[in-house]
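J.: show me the folded form of this:
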Amino acid sequence: MQASTPHFDEITMKPNRPFRLFCCSLLLCTLAGLAHADNDPPGRVARLDHFDGSVTFAPAGSEDWVYAKINRPLTTGDKLWVDQGGRAELHVGSTALHLNSKTSLEVSTLDDNTLQLKESQGNIDLHVRKLWDGQSVEIDTPNLAFVVRKPGVYRVDVDPTANTTFVTVRHGDAIVYGSNDTSREVPAGQAMQFGGSQLDDARAFSLPAQDGFDHWAAERDHREDDSVSARYVSRETIGYQDLDAHGTWRDVDGYGPVWTPTVTIVNWAPYRYGHWAWVAPWGWTWVDDAPWGFAPFHYGRWAYIGGGWGWIPGPIMPRPVYAPALVAFAGGGGGGFHWGISLSVGTPGVAWFPLGPGEIYRPAYAVSPAYVTNINHTVNVNNTTIVNNNTVINKTVYVNQNVPNAVTAVPAATFVKGQSVAQANTSVNPAAFKTAQMSASPAVAPVSQSLAGAGTPAPASAVPPSHIVARDVVSTHAPATPPALNDTLAHQYIAQGHTVSGAGPLPPHLTAPINAAANVPQAASPHSTPPPLPEQAKASPPPLPGNGVPHPPPIPSQAAPASSTAAHTPPPVPNAPAVPHPPQSQVAHADNPVPRRDFIQAPRPQHEAGTVQQPHANHSPESAVHSSAMARPPAPPAQARQPAPPRAEPRPAPHPSSRPANHMENRKDKR
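T.: Below is the predicted model:
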């Protein structure tokens, strides 16, 4: 007689011996340092974790703008607009981005080592807590490319009316590049304003006084400085800072640190209150409704403990790898036509439950073995040994599959259209679920509505003017081709006919053959079908040192030492008056809007996606502002670089009525 599947509390989890723990930890750290295969997706995304007012969003591969949803992952090619009176905060690992009213942002490149952003207009406050070896942070504007060189606090303001960019380095060290291979250092404690795109129209100032936007950004940063959750997870775990106010930490025998959310919903379960969206290259991605709902749904595992759900982050990893959703789906899974499951209401549907401790996540998208190892580094792999007639059988036990109310199921159309899961949640046909095969993702193609998920279409008044989005910027290297334009996984599902009838049209960029929209080499084909989760794991990597310690010391903030001014840094203006921010009466807020200043923008030259435009031969303010990249100039000796000296005289302050809605000086557009 075959033994029944045991519950999780029947599984023995014993702590590892110190020596074995130390040796295996070294092995894990070594594996984590291995380079990803070329076609592996990034191990991080940007998260929209807070906003006030009207914020709209256009996903890569779509020109349809929708109202943004909290916890939406952003990646290469995504665009964000903070409308009049709004503000927004994003995180990329431990790096915080704060966006002020009327700010246009596009993610040009986001991977493990590069964060490249396009700021066409507005104000961005940037707090870089840590730069890992080989990492770069860059903000490209119509006037310059702003490159961070040290952890610190920065601000970049773009005024399209005056055609200027004002940069402020409160802490840290930065360098700016112009379109004509010129560069300038901007050390800590300095602010500079640049006109044109060749850095020749430059003025240096002492630090401006902080305005309301600076204070708001600083208050948001303080939450992280004092975060209790930073004791239990890495600061690179996106969304950790929101756990403090929405739950409690405790140490549970056999699990280590466990975070329990504060919820009042009866029969609450993970991965039920939110919606699904298609985000290339990962595919189906969970977007939770809760303000804390990011870290617990993209890292770690869930367990039902003592009558309630708890999130187990696992060992502290310096750079944890993001996952689109850590669940097991019930259905065909093996690539057959029946990718879904029959619901109790008799319609085809999709059902899932959260992965538990010790259960491996194996992606449906194409990845290398090293990627699978890295994304499961926070998991102590769990095998259950069953003795049946003196035969030892090792198998993976899906502990949450048998937890009451753990399984969530919705009609297939609800799933692919990104509609609210909780409102459509239903039960699964018991006979179908008993024989269902488990997989990491349903092999079903997205529709147009899948890209934006549950976002409400935004009217023209809530989206950025087209000439703002199309503004050309200076950059040090070509932006990456958005994965959405080379989405092999979606094309595979479409080719296999795995679509939901009546759910809506396919995304326009997926109706053409793959690579037609992007002039880039084709990525390696993913598995012909989403691979099922493995029946057993090969090894059980122990946690890193420190796991299971109830109260490790808090992780200190990454302080940014002030850097000395290099030989070729423009000297500050003697006795230069501080450039104050505009008075609060001039700052754009919902209760005091600042009229939009329209300007004439030359048509943006069209280039084939994925190609690099060479800089213009004649660098004038009109021709040097471009959207494609130039090669970053190597750093020559100080005497070889000839920066244009800043103007010695302080600039007279304009009349308040003519001052723009940021702390940049107003000037006539030379274009």
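
J.: rest of the way, CA atoms for contacts and neighbours
T.: Noted.

J.: okay, now the unreliable bits of this structure?
T.: Along the chain, the parts satisfying pLDDT under 70 run over 1-38, 332-342, 344-346, 378-397, 432, 513-671.

J.: elements contacting the biggest strand by length in it?
T.: Ranked by residue count under DSSP state E, the longest strand found in the chain is strand 114-128. Under the contact criterion of 3 or more C-alpha pairs under 8 Å, 6 or more residues apart in numbering; DSSP states H and E, strand 114-128 touches strand 95-99, strand 103-110, strand 136-140, strand 152-159, helix 212-225, helix 466-469.

J.: send me the fourth one as PDB with only the CA atoms.
T.: As requested, C-alpha coordinates have been extracted for strand 152-159 and formatted as PDB (Å, rounded to 0.1, in the frame of the first residue of the first chain):
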ATOM      1  CA  GLY A 152      25.100  59.000  -2.400                       C
ATOM      2  CA  VAL A 153      22.100  61.300  -2.800                       C
ATOM      3  CA  TYR A 154      21.600  63.100  -6.200                       C
ATOM      4  CA  ARG A 155      19.000  65.100  -8.000                       C
ATOM      5  CA  VAL A 156      18.600  65.700 -11.700                       C
ATOM      6  CA  ASP A 157      16.100  68.400 -12.900                       C
ATOM      7  CA  VAL A 158      15.200  68.800 -16.600                       C
ATOM      8  CA  ASP A 159      13.500  72.000 -17.800                       C
END
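
J.: quick one, it and strand 136-140 angle?
T.: Counting by axes from the mean of the first three to the mean of the last three C-alpha atoms, to 10 degrees, strand 152-159 lies at 20 degrees to strand 136-140.

J.: the inter-axis angle of strand 152-159 versus strand 95-99?
T.: Regarding strand 152-159 and strand 95-99, their directions subtend 30 degrees when assessed with the same axes, to 10 degrees.

J.: sheet-wise, list the partners of strand 152-159 with their directions.
T.: In the sheet containing strand 152-159, the strands it pairs with under DSSP bridges are strand 114-128 (antiparallel), strand 164-171 (antiparallel).

J.: tell me which residues of it come out buried.
T.: Residues 152-159 are the ones in strand 152-159 that count as buried (16 or more other C-alpha atoms under 10 Å).

J.: farthest pair in those?
T.: Spatial extent of the buried residues of strand 152-159 (C-alpha to C-alpha) is set by the pair 152 and 159 at 23.2 Å.

J.: make JSON lines out of the buried residues of strand 152-159 and add distance to residue 50.
T.: Below are the buried residues of strand 152-159 laid out as JSON lines (distance: C-alpha to C-alpha, whole Å):
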{"residue": "152", "distance to residue 50": "21"}
{"residue": "153", "distance to residue 50": "19"}
{"residue": "154", "distance to residue 50": "19"}
{"residue": "155", "distance to residue 50": "19"}
{"residue": "156", "distance to residue 50": "20"}
{"residue": "157", "distance to residue 50": "21"}
{"residue": "158", "distance to residue 50": "22"}
{"residue": "159", "distance to residue 50": "24"}
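
J.: okay, now residue 222: neighbour count?
T.: Per other C-alpha atoms under 10 Å, the neighbour tally for residue 222 reads 10.

J.: on that earlier part again, how about the helices and strands packed on strand 114-128 in TSV, adding distance to residue 178?
T.: As requested, those are exported to TSV (distance: least, C-alpha to C-alpha, whole Å):
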stretch	distance to residue 178
strand 95-99	23
strand 103-110	18
strand 136-140	10
strand 152-159	15
helix 212-225	26
helix 466-469	20
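
J.: among these, which is nearest residue 343?
T.: strand 103-110 (38.8 Å).

J.: just want the angle from that closest one to strand 136-140.
T.: Computed by the same axes, to 10 degrees, the angle separating strand 103-110 from strand 136-140 equals 140 degrees.

J.: so what strands line up beside strand 103-110?
T.: For strand 103-110, the pairing partners within the sheet under DSSP bridges are strand 79-82 (antiparallel), strand 114-128 (antiparallel).

J.: what's the most buried one of those?
T.: For the strands paired with strand 103-110, the stretch with the most neighbours on average is strand 79-82, a mean of 27; neighbours defined as mean count of other C-alpha atoms under 10 Å.

J.: contacts for that one next, please.
T.: 54-60, 88, 99-107, 463-464 (C-alpha atoms under 8 Å, 6 or more residues apart in numbering).

J.: could you rerun that using 7 Å?
T.: The list of residues contacting strand 79-82 from outside it, by C-alpha atoms under 7 Å, 6 or more residues apart in numbering, reads 54-59, 88, 100-107, 463-464.

J.: alpha carbons of it, as CSV, please.
T.: This file holds the C-alpha atoms of strand 79-82, laid out as CSV (Å, rounded to 0.1, in the frame of the first residue of the first chain):
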residue,chain,number,x,y,z
LYS,A,79,7.6,54.2,-19.5
LEU,A,80,6.2,56.2,-16.5
TRP,A,81,4.5,59.6,-16.3
VAL,A,82,3.9,61.5,-13.1
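
J.: what angle separates the helix or strand following that strand from strand 114-128?
T.: Next in sequence after strand 79-82, counting helices and strands by DSSP states H and E, comes strand 87-92. Using the same axes, to 10 degrees, the inter-axis angle of strand 87-92 relative to strand 114-128 is 120 degrees.

J.: tell me the angle strand 87-92 makes with helix 212-225.
T.: When the same axes, to 10 degrees is applied, the directions of strand 87-92 and helix 212-225 differ by 40 degrees.

J.: give me the helices and strands touching strand 87-92, please.
T.: In this structure, strand 87-92 packs against strand 46-52, strand 95-99, with contacts taken as 3 or more C-alpha pairs under 7 Å, 6 or more residues apart in numbering; DSSP states H and E.

J.: looking at those strands, which is buried most?
T.: Mean neighbour counts were compared across the helices and strands packed on strand 87-92 using mean count of other C-alpha under 10 Å; the top stretch is strand 95-99, at a mean of 23.
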